[in-house]
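In: A structural model of the following input is requested.
(2 chains)
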Amino acid sequence: MRRYERPVFSLLYRMVRDRALAEDLAQETFIKVLNGIKSYRPEFKFSSWIFKIANNAAIDHLRRKNLDTLSLDGSPNAETPDQMRATQLQLGDRAESPLAEVESRELGTAIERAIARLRPEYRSCIMLRHVEGYSYEEIAETLDLPLGTVKTYIHRARNELRGYLEDRRD
Amino acid sequence: MIDLTNHLTTDEIELWAQGLLPAARAIHLADCSLCRVEAGRERKVILELVQLPRFAPRAGFGDRVMAKVKVPTPSGDFTA
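Out: As a prediction, the model looks like this:
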């Protein structure tokens, strides 16, 4: 398991950009892998199976988060001023925490900020391709996507990254 | 005579960035300024991506996972 700790955590961290949450999702991934080891099919690359579970965990989380998004003014379901205050996002607390400082150092570079602006589907493809060195075929198998879609996602992602990075340099 | 209309595809540019572009296509790249500019821009992004670090979770991550994994007992049951 140690061999996959960093790759899986890194993928999840770049997907959700929150250290504690990425660790929870990585933990959930490895528990699923170890508890479900009997369902592993050997014709499938083991690391691909782990990345598939990790990516699904991240995508599920991001979908849920989109559904539950709170505005800075509080939950849209809040009916009273007290409810609105109780559900407001506490940006100040997070920005001052030591963990937020670590996150800002780790994910604050221009390339990391550019990656964060990509669609999650593009982000996982580009990470598997260029950080993990997967072939297009392996990515297609891992993410259950047609090969052509993987190629399109990676080319579009690199194009967008180029745009973001060149805007920054101008 | 070099065909200067048959520009490199994005796949070929990626191959070039990895040093894997076939010689015949490398000749086109050497003679085509459009492709050279495009390939240079693409290579910058690819280089930034391949140099990205891998991050580590907090110490003791493996122990925390193993504490939650079901381990089969001799009777065939599972303990968490």
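
In: residues in chain A within reach of chain B, list them.
Out: Contacts of chain A with chain B, taken as CB under 8 Å from any CB of the partner chain, map to A:1-2, A:5-7, A:9-10, A:13, A:22-23, A:26-27, A:30-31, A:34-35, A:106, A:111-112, A:126, A:129-131, A:151, A:155, A:158, A:161-162, A:165-166. From N, CA and C alone the C-beta is placed, and that goes for glycine too.

In: Mind giving me the ChimeraX select for those, buried ones only?
Out: The ChimeraX command for the buried members of the residues of chain A next to chain B (criterion: 16 or more other CB atoms under 10 Å in any protein chain shown) is given here:
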select /A:5,6,7,9,10,13,22,23,26,27,30,31,106,111,112,126,129,130,131,151,155,158,161,162,165
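
In: Give me the subset of the residues of chain A next to chain B lying in strands.
Out: When DSSP state E defines the strands, the subset of the residues of chain A next to chain B inside them is empty.

In: you'd agree A:Val131 is up against B:Leu52?
Out: Yes. Under the contact definition of CB atoms under 8 Å, A:Val131 touches B:Leu52, with a separation of 5.3 Å.

In: what's the burial count for the residue of chain B found nearest chain A?
Out: For chain B and chain A, the shortest gap (CB to the nearest CB) falls at B:Leu49, measuring 3.7 Å. In terms of burial, B:Leu49 registers 19 neighbours under the definition other CB atoms under 10 Å in any protein chain shown.

In: and it, what element?
Out: Taking DSSP states H and E as the definition, B:Leu49 sits inside helix B:33-50.

In: residues contacting the residue of chain B closest to chain A?
Out: Residues counted as contacts of B:Leu49 (CB atoms under 8 Å, 6 or more residues apart in numbering or on different chains) are A:Ile111, A:Ile126, A:Arg129, A:His130, A:Val131, A:Arg158, A:Leu161.

In: now, which of those sits nearest chain B?
Out: A:His130 (3.7 Å).

In: who touches the closest one in this structure?
Out: With contact taken as CB under 8 Å, 6+ apart, A:His130 is in contact with B:Ile46, B:Leu49, B:Val50, B:Leu52.

In: Write the ChimeraX selection for whichever of these are buried.
Out: Selecting the buried subset of those in ChimeraX, with 16+ other CB under 10 Å as the burial test, is done by:
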select /B:46,49,52
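
In: Same list (the contacts of A:His130) but as JSON lines, adding pLDDT and distance to B:Leu20.
Out: Compiled in JSON lines, the contacts of A:His130 are given as follows (pLDDT from 0 to 100; distance: CB to CB, whole Å):
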{"residue": "B:Ile46", "pLDDT": "93", "distance to B:Leu20": "12"}
{"residue": "B:Leu49", "pLDDT": "95", "distance to B:Leu20": "17"}
{"residue": "B:Val50", "pLDDT": "93", "distance to B:Leu20": "14"}
{"residue": "B:Leu52", "pLDDT": "95", "distance to B:Leu20": "21"}
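
In: mind putting the contacts of A:His130 in CSV, distance to A:Leu118 included?
Out: Formatted as CSV, the contacts of A:His130 follow (distance: CB to CB, whole Å):
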residue, distance to A:Leu118
B:Ile46, 15
B:Leu49, 11
B:Val50, 17
B:Leu52, 13
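
In: Just give me the closest of the contacts of A:His130 to B:Ala39.
Out: Proximity of the contacts of A:His130 to B:Ala39 was ranked by CB to CB; the top entry is B:Ile46 with 10.1 Å.

In: returning to what we had before: which of the residues in the helix holding B:Leu49 are buried?
Out: If you call a residue buried by 16+ other CB under 10 Å, then helix B:33-50 has these buried ones: B:Cys35, B:Glu38, B:Ala39, B:Glu42, B:Lys44, B:Val45, B:Ile46, B:Glu48, B:Leu49.

In: Just after it, pick out the following helix or strand.
Out: The helix or strand immediately downstream of helix B:33-50 is helix B:61-66, counting by DSSP H and E.
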